[in-house]
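Chemist: Return atomic coordinates for the entry below.
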Amino acid sequence: DDAPSDARGLSLASLWLAPHRIAFFVATALLLAVSLAWSWMLVAAHSGTAVVTALPPTTAHAFIFAAAYMPLFIAGFMFTAGPRWLQVSPPPAERLRWPLALHVGGIALLLAGTLAGAALAAFGALLLAIAWTVIGIAYAALVRASQVADRLHARCVMLFWAVGITAAL
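Modeler: So this is what the prediction gives:
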């Protein structure tokens, strides 16, 4: 772990010391949140409550579950293994706080838009694309700063990260 030596063990404060910790924590929280939200929708529908969605439920489910937490687990990996492969220092954790907050907002709008309207969901997806772009730029800076000869895998990660941004758009 490349965390500063003053890491305080298992505390909320220690989450803010390294970028991968923040990403993994937010990813896990979102996994729980979207699972609870989707479970509520399923239970409501099966208990006789009409659940009317603005988006096709299968489309909403697929995108929300793919976009909510997996990109952040990947980002956590990018900022854990990436700096080691590239032999560079990870970015300061503070650099990822606002894109992660933007990501959470985008997922909240996607969930709300599933019920309230496609325009709200589309705006949530746009927020995701912006957040992922900022995260991708931070990772690209690591790749550019690296002097290691073999950066093929890191460049492939960047390419597929761009595919995710395109999907969100």
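
Chemist: Run a quick neighbour tally on residue 47.
Modeler: 8 (other CB atoms under 10 Å). For glycine as for every other residue, the C-beta is placed from the backbone atoms N, C-alpha and C.

Chemist: Against residue 55, how distant is it?
Modeler: 22 Å (CB to CB, to the nearest Å).

Chemist: Residue 155 now?
Modeler: For residue 155, the distance to residue 55 - CB to CB - is 34 Å.

Chemist: Residue 117 now?
Modeler: In terms of CB to CB, residue 117 sits 9 Å off from residue 55.

Chemist: what does whichever strand or helix holds residue 99 rub up against?
Modeler: Assigned by DSSP states H and E, residue 99 belongs to helix 94-116. With contact meaning CB atoms under 8 Å, 6 or more residues apart in numbering, helix 94-116 is reached by 16, 19, 22-23, 26, 30, 33-34, 37, 51-55, 57, 60, 63-64, 67-68, 71-72, 75, 79, 119-128, 130-132, 134-135, 138.

Chemist: List the buried residues for it?
Modeler: With burial defined by 16 or more other CB atoms under 10 Å, the residues of helix 94-116 counted as buried are 95-96, 99-100, 102-104, 106-115.

Chemist: do the same with stretch 39-59
Modeler: Buried residues in stretch 39-59 (16+ other CB under 10 Å): 41, 53, 55.

Chemist: middle-most residue in the chain, spatially?
Modeler: Nearest to the geometric centre of the chain sits residue 72, at 3.1 Å (CA atoms, centre = their mean).

Chemist: Against residue 38, how distant is the residue of the chain positioned farthest from its centre?
Modeler: In the chain, residue 48 marks the outermost C-alpha relative to the chain mean, sitting 33.8 Å out by CA atoms, centre = their mean. To residue 38, residue 48 is 18 Å away according to CB to CB.
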